[in-house]
Structure formats: C-alpha cells, structure tokens
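A.B. asks: How does the following fold in three dimensions:
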Amino acid sequence: MKIYTMKSRAGILILILFFIACKNDYEKNSGVNNTTGPKYETYNYSGFTKEEIYKYHKHIFEGGNWTTYGDLERYFYLNFSEIKPHSRIVRSDTPKTLEEAPRDDVKNFIMPTDLNKGGGLTLNDYVQQVEVNGLIIIHKGKIVFEGYPRMFPTDLHVNFLITQVYVSTSIAILEDRGLIDTSKPIDYYFDLLKGSGWEGVPIVDILSMSSGIPRVPLENYEVSFDPIEDLATAKSTKPPGTEYQFSNADAMVLTLLVEKISGLNFKDFVEKEIWRNIGAESSALMGINTNGTALSYVDGMSTTLRDLARFGLAFTPSGRKDKNSIISDAHLSKIRDVNKKLEKKSQYSNEAYYSSYQWRAVYDDGDFYKGAHGGQGLYISPSKDLVIAFYGTSNTNRERNQLDVISRQLAKSGLFNLE
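C.D. replies: This next block holds a predicted model:
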C-alpha cells in the first residue's frame, strides 16, 4: 500500500486544479479558437498519388488542356495555385463560426427517381456514389449536412462561373452607395465602348446575361493588357434584354466597371467588401490574366466549400442579421425583379426560371441558383433560410452530378420550411 505525504497530496491537488482551469478556459474560448475537428463525412478520401500528380503536370507541361474530365481534371480544380497565375484574397480576421446540427432526415432524403444517375438513393449515398467532390447544406445558419467524398474540407476548389455572382454582388454594393446606376448604358461609364456593340446596352441587361454580346475567345483576354479596348471590338448579335445568352464578356465588363468606380483591383474589392465581411475562414485565390486583371468570367475564385457557403449565407436571414451584412433589401429585391422575356423552363420539372444579377436561375418563389462547369453550384432560398453549396467534377464519360436539380427538390421538400 502506498503512503502519500501531505506534500504529494498538495501537488496532486494543484495538478487537478490546473487541468480544470485549462478546461474551463478552453470552453470559454471555444467559439473563437476551436481546435476540435468538425463532424463531416469524409468517406476515406486520400487525395492524389505521386504518380497521378506527375502525370498531370507532364500533361500540362506538354501543352495539354486542363479539360480532361475525371480525376486529372479534379486535380486542376483542387490545385489551381500550381497551374494558373493567381492572386490571393486574404481571409477574415474574425471568421464566422458555423454551428453544426446534423440532421438524419436530410442525410436520408431520397433522390428523385428520374435522375440520369443515382435516382432513388439517399442523399448521403448519392454524394458518395455520384460525381460529387463536396456538399454542404446550411439551414437557419447551422450546418445540417456536410460531406467530402473526393476532396479535403480545407481544399481550395475552383468556383468557375460562380465567381460571376461575386461580380454582381460587387455591383450591387456600389449601387447601394449611389455610385452606379444600373439603368444607364455601359458606355456611360466607358467612353471607349461608344460606337461598339455595347453602346446603349443598359447595365441591368448585362447583369441579366442578356446584353446581346456573344461569348468571346478566352485566349485573347487572358493575355490582354487593355481589356476595355479589346471589348470595344465586340459586335452585338441581338437587342439587349430580349434573350438570355451566356457570355463571358458580360462578367468581364462588369468586373472592369467595379474596378473603375471603386478605384480598386477587383480582387482587393472582393477582399475588403465581401470576403472579410462574411467572415471567411480561409484565404481564397483569384485567377488573373497577364496584366493582373481578375479572370472573374472563367477560372474565377478558388475557395473552401465552407467559405462558399458563408458567401451564400450572406443572402439569408441568418447571414443578413450580422453587423457586417453585405446584402441589402434593395439587392434582394432587384435579383427577384426579373425580366419576364428571359423565361426558361426546367427540362426536369417544366418550372419557369429567369436570369438576373448574374444568377442563372431565379424562381418565382424567390429562390436563386448559380452553377458552373463540372458540377459546381450555389443554391439560396432566403425565404427558407437555406444555403446549398457543392463542388463536383464530370467523369471521363462527361457525366456530372445533378445537385442543381436535387437542390431545388430539397428546397421544395418541406424539410426546410420555417416554423
């Protein structure tokens, strides 16, 4: 039997009190500096092998296109900084904490049976078996589902065309301050565009992707030292505001407008006015061309999935109550004030939707969505306080996920109706 002296007992008591104090101090500050891991599904993803990495870099070095589909293309999505010129968007000093509240009813939601692939699976099984890199669902400000089958939670993933709604949000911020009038034609702000196809085109029609200016060859602009001068050569193919027409030129000219009015590089504007205010947890990347102009209309930003969701959250009641809220009532109203001439019908539900403020689909109930190459997407339902963000990569058969369709089904399922 061991005999403890008064001195040894006092030492043990001191140690116990020390550990209790440390525990209490950690709990007190856990919302600020939580070092425990999040409760997401990773599905045993292990990343890329040395051989896969070497093969892809050799492919690019020999002049190959990054659009290869499958795992090699996914490597491009997740390792943009190794392959393309970029600038850095610095994270927030006060990251927004995202509370986790996983829900089995969301995890077990059954997929529509008429999907091209994965119909009838639960959401959790669909994410694992179909071409999904990551998915996060936030309801009332809390994460109710989060899975990373083919990426790490800390990976920066290319957003591609989703970046265009960062552009339109930037326009709206300047519009709220009375610095831009979107009813005016774009040549009101750029004299070089007078006499071009852009002359007389209202900014609001550029925002709704109905400028009448067709898509431009990207190669010309990725090395351009005077983008506005180059854009002045564009020809109009139809009257503005009459028909939706995808055009990278629309996002390009709007990006340059943000820079002209704000006096900032677009990357710096996003960092100051959006990224820091939404409480982004990680720094992001912005693809740039030869002269440093943001490639907001093509490669765009690379972000973590959670930070993309934080941006989406800024459009919901949970995000708009933050002291640094970036989305005004006027902005939301203008997104929903659609041009009825731009109506499209969903091939899956025959439901009407419209393009507005660079959002590809604005529905009659006020929800809106933006998708991008390979299976990226951001779906927002302000009325349900819901955000769905996801990343994906088409497989070598060029099959991609259908989380755009599934997001709409989830929003209408009744799972997220507010009490």
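A.B. asks: And the helices in the stretch 201-350 of the chain?
C.D. replies: Secondary structure of the stretch 201-350 of the chain (DSSP state H, counting those that start in this stretch): helices located at 203-207, 218-222, 227-231, 248-262, 266-269, 305-313, 317-320, 329-336.
A.B. asks: List the buried residues of the last one.
C.D. replies: Spelled out, it's helix 329-336. With burial defined by 16 or more other C-beta atoms under 10 Å, the residues of helix 329-336 counted as buried are H331, L332, K334, I335, R336. Glycine gets a C-beta too; all of them are placed from N, C-alpha and C.
A.B. asks: TSV for those residues, including pLDDT?
C.D. replies: Below are the buried residues of helix 329-336 laid out as TSV (pLDDT from 0 to 100):
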residue	pLDDT
H331	98
L332	98
K334	98
I335	98
R336	97
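A.B. asks: Could you single out the nearest of those residues to S394?
C.D. replies: Closest approach to S394 among these (C-beta to C-beta): I335, at 28.3 Å.
A.B. asks: For the nearest residue to that closest one once chain neighbours are set aside, which residues are in contact?
C.D. replies: Spatially, and ignoring its direct neighbours in sequence, I335 is nearest to Y357 (4.8 Å; C-beta to C-beta, 6 or more residues apart in numbering). Residues near Y357 by C-beta atoms under 8 Å, 6 or more residues apart in numbering: V165, S168, I171, A172, L207, S208, H331, K334, I335.
A.B. asks: Can you lay out the residues you listed as TSV showing distance to I53?
C.D. replies: Output for the contacts of Y357, formatted as TSV (distance: C-beta to C-beta, whole Å):
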residue	distance to I53
V165	32
S168	36
I171	39
A172	40
L207	40
S208	41
H331	42
K334	45
I335	41
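A.B. asks: Just give me the closest of those residues to F190.
C.D. replies: If you rank these by distance to F190 using C-beta to C-beta, I171 comes first, at 14.2 Å.
A.B. asks: can you tell me how far that closest one sits from V201?
C.D. replies: Distance from I171 to V201, counting by C-beta to C-beta, to the nearest Å: 14 Å.
A.B. asks: So for M209, what's the nearest residue that isn't a sequence neighbour?
C.D. replies: S355 (4.7 Å).
A.B. asks: same deal with Y353?
C.D. replies: Excluding its sequence neighbours, the residue lying closest to Y353 (C-beta to C-beta, 6+ apart) is A361, at 4.0 Å.
A.B. asks: Low-confidence bits of the stretch 201-350 of the chain, can you list those?
C.D. replies: By pLDDT under 70, the low-scoring segments of the stretch 201-350 of the chain are 217-225.
A.B. asks: follow-up on the earlier one: what number of residues are in the vicinity of the residue nearest to M209?
C.D. replies: S355 has 23 neighbouring residues, counting by other C-beta atoms under 10 Å.
A.B. asks: now swap in N417 and tell me
C.D. replies: N417: 11 neighbours (other C-beta under 10 Å).
A.B. asks: re the thing from before, you'd agree the residue nearest to Y353 is in a helix?
C.D. replies: No. Applying DSSP: H, G, I helix; E, B strand; the rest coil, one finds A361 to be strand, outside a helix.
A.B. asks: Contact partners for V253?
C.D. replies: By C-beta under 8 Å, 6+ apart, the contact list for V253 reads I186, F190, L193, W198, I206, I228, L231.
A.B. asks: Report how many residues lie close to the fifth one.
C.D. replies: Neighbours of I206 under the rule other C-beta under 10 Å: 29.
A.B. asks: I'd say it and N248 touch.
C.D. replies: No. Look at I206 against N248 with C-beta atoms under 8 Å: they stay out of range, at 11.9 Å.
A.B. asks: Just give the closest residue to the spatially most central residue of the chain, not the sequence neighbours.
C.D. replies: Centroid-nearest residue in the chain, with C-alpha atoms, centre = their mean: L308, separated by 4.2 Å. Using C-beta to C-beta, 6+ apart and skipping residues adjacent in sequence, the residue nearest L308 is A389, 4.6 Å away.
A.B. asks: ok so that neighbour is a strand residue?
C.D. replies: Yes. Under three-state DSSP, A389 sits within a strand.
A.B. asks: Quick one: residues contacting it.
C.D. replies: L135, I136, L305, L308, A309, G312, G377, L378, Y379.
A.B. asks: what comes up buried for stretch 289-309?
C.D. replies: Judged by neighbour count using 16+ other C-beta under 10 Å, the buried positions of stretch 289-309 are 289, 293-309.
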